[in-house]
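A.B. asks: Sequence plus the predicted model coming up.
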Amino acid sequence: MIPGALIGDIIGSPYESRVHKMKSKDFPLVSISSHFTDDTVMTMAVAHTLMQWKKGAKID
């Protein structure tokens, strides 16, 4: 589940800030402008915290 969210974020990153949203299903999966975003970072941070909590670590 997490890898899919990260990959989807990177694939969609070139289209994230466009004024006119893309409606086509025909687009390159990876381009020169593909990159990780703040969503990727937050997903990883939440996943890390949940894994630590599951192990019994105290979360501040």
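C.D. replies: Received the coordinates, thanks.
A.B. asks: Now find how far off-centre whatever helix or strand D39 lives in is within its chain.
C.D. replies: Assessed by DSSP states H and E, D39 sits inside helix 38-54. With CA atoms, centre = their mean, to the nearest Å as the basis, helix 38-54 stands 11 Å off its chain's centre.
A.B. asks: and M44, how many neighbours?
C.D. replies: Counted by other CB atoms under 10 Å, the residues lying close to M44 total 14. Glycine gets a C-beta too; all of them are placed from N, C-alpha and C.
A.B. asks: Can you read off the pLDDT for it?
C.D. replies: M44 is assigned 94 on the pLDDT scale.
A.B. asks: S33 in helix, strand or coil?
C.D. replies: With DSSP: H, G, I helix; E, B strand; the rest coil as the basis, S33 sits in coil.
A.B. asks: In this structure it contacts P14, no?
C.D. replies: Yes. If you go by CB atoms under 8 Å, S33 and P14 touch, sitting 4.3 Å apart.
A.B. asks: Looking at these two, which has the bigger crowd around it?
C.D. replies: P14 (17 against 8).
A.B. asks: ok, that one to H48 distance?
C.D. replies: To H48, P14 is 27 Å away according to CB to CB, to the nearest Å.
A.B. asks: repeat for E16
C.D. replies: Distance, E16 to H48, using CB to CB: 23 Å.
A.B. asks: Can you pull out the residues in contact with the helix holding D39?
C.D. replies: Helix 38-54 is contacted by residues 2, 5-6, 9-10, 59 when judged by CB atoms under 8 Å, 6 or more residues apart in numbering.
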